[in-house]
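Q: predicted coordinates and the sequence they were generated for:
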Amino acid sequence: MGNEEQLELFDELHRRSALLPELDAPRIEGFVSGFFAVWDTVDDEIAFVAFCRDRPGPVSALLCAALVSLGDPSTSAAARRAFDSMSTDAPAVAGELGRSGPVAAWSVQAPFGRSIVIGCAAAAGDIDHAMLFELDEDEVLVDLQLTGSPVELVDPELTGDSTLEVASLDVADAVALVGRSWRSALGRVEPTPGLLANQRFARRRLNEADAEGPLPTFGAVAGLIDVSRGMSPEEIAEANAAACNTLRAAVGEPAEGERANQAWVEVVRGAVPGVSPRERDALLWLEWADWLGAGIGLLRHRDRGALDGQVLVDLVNSCPEVSSTIQGADRDYAAWAFDVALEHLADAGLLDDEELTDGGRRSLHPSLLEAWAGR
C-alpha cells in the first residue's frame, strides 16, 4: 500500500484502539489479532509498530505489548523495543498479555457439523474465554471464532439447542486434532473473515501446546463468487425469466418509487460478501422457487410476528404459485440458509427486531426483479 494510504489505515486502527485500556487481556489480544487481516506484509506490521512508537501513551503501549505476543519474530522484536521505550505508560494489564493457554476442551456435534471448543485461562486463573474451531466432514478447519466462557457453547440448556452432542476431550488430543485440521486447510480452504481475523490469537495459544511446531498463517484469497449453482448460462437465463414472469403474474409490478436494495439482490443471488464457505453453500442451496415462495409470501404480508428462517420455509411451502416444496428432511437446513440471508439483511438495516423495516419491505419487489435481471 502507498504511504498515504498506509498512514490513513494506521491512524484509523490507532483511533479504534482507544478502548484497549478498558479491556481485559484476552479481549485486547483478540482485538489486535484482527489487525493482521488488513496488513499486506510484515513490513506493514513493523511500520505500524513505528507509528505507535512515535505516539507514546497507554494505547500505543498496549498495542505494542499485544504485537509482542501475536507477531512473528521480526514484528515481535520490533514491538518489544517499542514497548520498552514506553513501558512506564503501560497499564497493568499489559503484563497479562500472552499468558493464557488451553486448559479444557470439548467436541460439539451439531446437526450441520462438528466443532472443537478449547477453553483457555492464565496459569492461575479460571477459564474465561474459548476458541471454537469448526471442522468439515473430513476434519479440515473451515472457520474459527472467539467467544467468552465456553459454557455458553457446550451447555445445551444455555444454548437452548437440545440437538447438540457434547463430549469432553483431552486437551493435548484436542490441540493435536486442531493442529492437523489447520494444516490440512492451508491451500484447500478459502479462509473466512473469522479465520483471518482470529488466527493470530489462536496460534499464540496453540503453538506452545502443539508438538508439531508453529502453525502456518492463512492469507486472504481474492476471487469471484461462483453463483451459477452448477447451471449453464442458458439455464440460468431461462430460470431468471421464469421467476420474473411468475412474480409479475402473482403480485404485478413494483409500486412507483420503489427501488432495489443491494443486500436483497446479494442474498437472492447467493453472492453475499464476507460469509463463510459453509454459509455461502447454504445460500446457493436455495433455489429460484424458494425465493419466489418466500418473496411472494412477504409481498402478500403473510408473514406474521417475528421473521426467521422457519417462517420463510412456511411461506415457500404455502405459496400457490410454487409447485415444489421444501421437504421435511431439508427443512432445518433451508431454514438455516434463510437465517443466514436474514442476518445479512439485518446488517444492511432491512430487518430490525426480526421484522422487515419499511425500507426492507418496499425494496423487496424490485430487488427480486433486479436479482433475476427482469428490470
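A: Received the coordinates, thanks. Since the structure is predicted, the reported quantities are computational estimates derived from the model, not experimental observations.
Q: show me the residue at the heart of this protein, geometrically.
A: Central residue of the chain (CA atoms, centre = their mean): residue 194, 4.8 Å from the mean position.
Q: packing partners for the host helix or strand of it?
A: Following DSSP states H and E, one finds residue 194 within helix 193-206. With contacts taken as 3 or more CB pairs under 8 Å, 6 or more residues apart in numbering; DSSP states H and E, helix 193-206 sits against helix 25-33, helix 58-70, strand 101-110, strand 113-121, strand 129-135, strand 141-147, helix 171-185. (C-beta placed from N, C-alpha, C; glycine too.)
Q: quick check: angle from that helix to helix 58-70?
A: 70 degrees (axes from the mean of the first three to the mean of the last three CA atoms, to 10 degrees).
Q: for residue 263, find the nearest of the helices and strands packed on helix 193-206.
A: strand 141-147 (22.0 Å; CB to CB).
Q: next secondary structure element downstream of the helix or strand of the chain with the lowest mean pLDDT?
A: None of the helices or strands of the chain scores lower by mean pLDDT, DSSP states H and E than helix 156-159, at a mean of 63. The helix or strand immediately downstream of helix 156-159 is strand 165-169, counting by DSSP H and E.
Q: tell me the mean pLDDT for that following strand?
A: The average pLDDT for strand 165-169 rounds to 90.
Q: run through the bridge partners of residue 106.
A: In this entry, residue 106 is beta-bridged to residue 117, residue 168, by DSSP bridges.
Q: next, count neighbours for residue 49.
A: Neighbour count for residue 49, taken as other CB atoms under 10 Å: 26.
Q: sorry, wrong one. I was asking about residue 288.
A: Neighbours of residue 288 (other CB under 10 Å): 22.
Q: how about the one 3 residues further on?
A: A total of 25 residues lie near residue 291 under the criterion other CB under 10 Å.
Q: three-state assignment of it?
A: helix (DSSP: H, G, I helix; E, B strand; the rest coil).
Q: quick check: it vs residue 343, distance?
A: Distance, residue 291 to residue 343, by CB to CB, to the nearest Å: 16 Å.
Q: any stretches of this protein with poor pLDDT?
A: 1-2, 124-125, 156-162, 210-211, 220-225, 374-375 (pLDDT under 70).
Q: residues touching the residue of it positioned farthest from its centre, list them.
A: For the chain, the largest distance from the centre (CA atoms, centre = their mean) belongs to residue 249, which lies 37.9 Å off. Residue 249 is in contact with residue 321, counting by CB atoms under 8 Å, 6 or more residues apart in numbering.
Q: pull out the buried positions in the helix or strand hosting it.
A: Residue 249 is part of helix 233-251, with elements assigned from DSSP H and E. By 16 or more other CB atoms under 10 Å, the buried positions in helix 233-251 come out as 236, 239, 240, 243, 244, 246, 247, 250, 251.
Q: show me which of those residues is closest to residue 203.
A: residue 236 (41.4 Å).
Q: the closest one against residue 226, yeah?
A: No - the criterion here is CB atoms under 8 Å, and residue 236 misses it with residue 226 at 11.7 Å.
Q: pull up the overlap in contacts between those two.
A: Counting by CB under 8 Å, 6+ apart, nothing touches both residue 236 and residue 226.
Q: domain parsing for this protein?
A: Structural domains assigned to the chain are 3-96, 101-206, 233-371, following automatic domain parsing.
Q: any chance of the helices and strands packed on helix 193-206 in JSON lines, with mean neighbour count and distance to residue 304 too?
A: Listed next are those as JSON lines, based on neighbours: other CB atoms under 10 Å; distance: least, CB to CB, whole Å:
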{"stretch": "helix 25-33", "mean neighbour count": "22", "distance to residue 304": "40"}
{"stretch": "helix 58-70", "mean neighbour count": "25", "distance to residue 304": "48"}
{"stretch": "strand 101-110", "mean neighbour count": "18", "distance to residue 304": "29"}
{"stretch": "strand 113-121", "mean neighbour count": "21", "distance to residue 304": "32"}
{"stretch": "strand 129-135", "mean neighbour count": "23", "distance to residue 304": "34"}
{"stretch": "strand 141-147", "mean neighbour count": "22", "distance to residue 304": "33"}
{"stretch": "helix 171-185", "mean neighbour count": "19", "distance to residue 304": "43"}
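Q: so which of those is nearest residue 206?
A: helix 171-185 (5.8 Å).
Q: the closest one: how far from the chain's middle?
A: 21 Å (CA atoms, centre = their mean, to the nearest Å).
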